[in-house]
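Student: task: produce atomic coordinates for the following.
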Amino acid sequence: IMELPSAKSFAPVNDACKELAINGDAENLDGGGFAPFPWFSPRMNDFQLAVHEETDTTGNVNHFFHTHGPTRSTYWSSPRIYPNSDCLALGFIYQVSIKLRLKDYGSNNLWYYLKLRGKQPLGTRDDEGKLIEDREYEKGILYCRDPISMADGWTECSGSFIVDEELQKMREPRLEIITVDETIPRATLEIDDVSIAFKSGPAEGLTVSDDIARKWSPSADIHITSTTLDTRDSQVATITEIERKGDGTATLKLDSAIAAVLTEKDQHGMGAEVMVTTRNIIIMGDVEYSEENNDGTEFEGGYLQIFHTPDVVQTIEGVQFMNMGQQGVKNRFSLQFLYTRDVAGTSIARNSFVGINFRCIVLDGVSNATVASNTAYKINGYAFLIGYEAENNSITNNIGSLLMDKISYGERLANHRDDHASLFEVQNPGNDLIGNVAA
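Tutor: Next up is the predicted model:
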């Protein structure tokens, strides 16, 4: 007997993006309750996807997907589905969840993750001009890193992801479940309650604490750190209005819509950071950094150096540094304290670094300085470098975001690694680092 899938195997016309993993609970009961559509096996010579059922002690019947371990050919042998690509709109947030149980796997462990894999946008070409629009790429959307075993029974994993440009442009995306550290023979995977549920769309503002909002003002530029695994998903906007709610919060109205971001409540450890980059005092280099203008010459960018000033208290606060630093030139960094020795009482605080050619704050041969609450965005080279001869300094509540990675091996300083820079480089552990953020 042949039958067509029922309406339960398709998304509702009036709410097509509510759930992208249709029939993820295997309960649509098509085919007498045992048809997995729209889920399928990866290929004909791999396992044949089946729907099994079990009855609990109260008589409730549960259906779930079953993949036969001995016929799973590889780590990516798992049930698949094609989510609606029209629903992968820039800035949309989806909540992903899954239940998984291992069978026929002895006492071994594995962990797994979910990804979307699909084709390049139409017309995509490589550096040589060759058409590569059918070449596939992938993007992880949920990582379930806690090892599981047969003894765990049904396990659950969930999290959120934001649709970025790579996902938005992906053609024919398909969901795959990938096992990691799996031994041979492969495990039988039993899968249930797979969901990719719409959570929210692009935002036109941000809600923050009223205490914080009172320190900011309209026309200020802000930078919002990425809440995906790609720092390029960070965003910028300008505050147009601050609306106080009277409940201890305020909404920052922005000049343009932004992709929705995760908060700490959504996903612990992945919440967005928001920094104001505008200051009233600006120190700007003559030549602006851009991808087209990146010669790394000694003429590119300005620099400010505090040199050999022992026992002299320095105060540099509330300054915006732009287009600073000279790539490939020693001691030509945006702001450098060099061999000042003991400068107790010195404060480098609440400064902003934007579009930096070569490093932001560098301390070497310095002690007892305070570097606090500085922000750095769109940086080449290290953002905050604490040298071997810097000690007893306090580095607190600074934040860096979006390393540009535009310094090549040939442009780096000898014996330095700015071609593989980090936001914070600490070469002497004899300093206090508290509350700093690398986003």
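
Student: which other helices and strands does the helix-or-strand element of the chain with minimal mean pLDDT contact?
Tutor: Across the helices and strands of the chain, the lowest-confidence element by mean pLDDT, DSSP states H and E is strand 203-209, at a mean of 82. Counting contacts by 3 or more C-beta pairs under 8 Å, 6 or more residues apart in numbering; DSSP states H and E, strand 203-209 is packed against strand 249-258. Yep, even glycine has a C-beta here, placed from its N, CA and C like the rest.

Student: just the buried residues of the strand it packs on, please?
Tutor: Within strand 249-258, the residues scored as buried using 16 or more other C-beta atoms under 10 Å are 250, 251, 252, 253, 254, 258.

Student: picking up where we left off before, what about the least confident helix or strand of the chain, distance to the chain center?
Tutor: Chain-centre distance of strand 203-209: 19 Å, with C-alpha atoms, centre = their mean, to the nearest Å.

Student: what about the residue nearest to the spatial centre of the chain, distance to residue 341?
Tutor: In the chain, the C-alpha nearest the mean C-alpha coordinate belongs to residue 228, at 2.1 Å (C-alpha atoms, centre = their mean). Distance of residue 228 to residue 341, computed by C-beta to C-beta, to the nearest Å: 43 Å.

Student: the closest residue to residue 47 other than its chain neighbours: what's it in contact with?
Tutor: Ranked by C-beta to C-beta, 6 or more residues apart in numbering and with sequence neighbours excluded, the top spatial neighbour of residue 47 is residue 71, at 4.2 Å. Each residue near residue 71 by C-beta atoms under 8 Å, 6 or more residues apart in numbering is listed here: 46, 47, 48.

Student: if we use 10 Å, what do you get?
Tutor: Contacts of residue 71 were listed using C-beta atoms under 10 Å, 6 or more residues apart in numbering, and they are 41, 45, 46, 47, 48, 77, 186, 188.

Student: go on, residue 180?
Tutor: 75, 110, 111, 112, 113, 143, 144, 145, 147.

Student: now with 8 Å, please.
Tutor: If a contact means C-beta under 8 Å, 6+ apart, then residue 180 has 75, 110, 111, 112, 113 as its contacts.

Student: what's the pLDDT at the first one?
Tutor: If you check residue 75, the pLDDT there is 91.

Student: helix or strand for residue 199, which one?
Tutor: Assigned by DSSP states H and E, residue 199 falls within strand 188-200.

Student: what about that strand, distance to the chain center?
Tutor: In terms of C-alpha atoms, centre = their mean, the centre of strand 188-200 is set 21 Å apart from its chain centre.

Student: same check, this time on stretch 86-106
Tutor: Worked out by C-alpha atoms, centre = their mean, stretch 86-106 lies 17 Å from the chain centre.

Student: list the buried residues for that stretch?
Tutor: Here stretch 86-106 shows 87-88, 90-102, 105 as buried, counting by 16+ other C-beta under 10 Å.
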